[in-house]
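A.B. asks: dropping a prediction and its sequence here:
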Amino acid sequence: VYARTGQPFSMKTERSTESTPHEQIAIITGGIKLNVDVPQADGLPDPKAIELAADSMVIWSDATDLSSLSQGGGEQLQMRDAKFQIYLEGNIVIRQKDIVLKADRAFYDAREDRALLNDAELKLWIPQSENYLRVRAKRIRQIGRGSFHAQNAWASGSYFGKPGYRLESSDLYLEPRVVN
């Protein structure tokens, strides 16, 4: 966890015993960046690493203590199959390799690699066309790594905020496919 700007962030953690199993809850405000990755044996960066940035976050985890995150640059290590869920709000930017997602509100489940973003934009690099595809939608759901379902959406290859051309659909599915 890092401060998003030069200003320090505020963090409050508590152990919830009202759920089974018990969980640790962290409430972070003031602009934060959170990296979710798996350390690699060869020391190279994790190709599945995700950077989440927002004005505020709420984190739910099976970890017994998240207070180490309160120091800028703090880490929390846990098993890949352990619960780690994040609610994000305000100026959200999520980066996953060649994918950038922006939204006002979002929920991300790190264990399941799933997300739900409201009032969102997806920018995806398409190597075959050497161009970005932009998708704006009322709701974008990440249904798996690199696979998305956008509702009440439009898509365009244009860089302009209001593109001269776009495709509109009530449901738009994006998924990676191997092209021979």
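C.D. replies: Sure thing, it's come through. Numbering: from 1, shown residues only.
A.B. asks: the helix or strand that contains residue 60 pairs with which strands?
C.D. replies: Assessed by DSSP states H and E, residue 60 sits inside strand 50-61. Using DSSP bridges, strand 50-61 pairs in its sheet with strand 23-36 (antiparallel), strand 84-96 (antiparallel).
A.B. asks: export it as CSV, just CAs?
C.D. replies: Output of strand 50-61 as CSV, limited to C-alpha atoms (Å, rounded to 0.1, in the frame of the first residue of the first chain):
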residue,chain,number,x,y,z
ILE,A,50,-2.6,-5.7,-10.5
GLU,A,51,-2.3,-2.1,-9.3
LEU,A,52,-5.5,-0.6,-7.7
ALA,A,53,-5.6,3.1,-7.0
ALA,A,54,-8.6,5.0,-5.4
ASP,A,55,-9.5,7.9,-3.1
SER,A,56,-10.7,5.3,-0.5
MET,A,57,-10.8,1.5,0.0
VAL,A,58,-12.2,-1.0,2.3
ILE,A,59,-10.3,-4.3,2.5
TRP,A,60,-11.6,-7.7,3.8
SER,A,61,-9.1,-10.4,4.5
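A.B. asks: who's in contact with that strand?
C.D. replies: For strand 50-61, the external contacting residues (CB atoms under 8 Å, 6 or more residues apart in numbering) are 4, 23-37, 66, 69, 76, 78, 82-96, 106, 108, 110. C-betas here are computed from N, CA, C, even on glycine.
A.B. asks: switch the cut-off to 7 Å
C.D. replies: Contacts with strand 50-61, where a contact means CB atoms under 7 Å, 6 or more residues apart in numbering, come from 4, 23-29, 31-36, 66, 78, 83-96, 108.
A.B. asks: next one: stretch 23-35
C.D. replies: 1-5, 7-16, 49, 51-66, 69, 83, 86.
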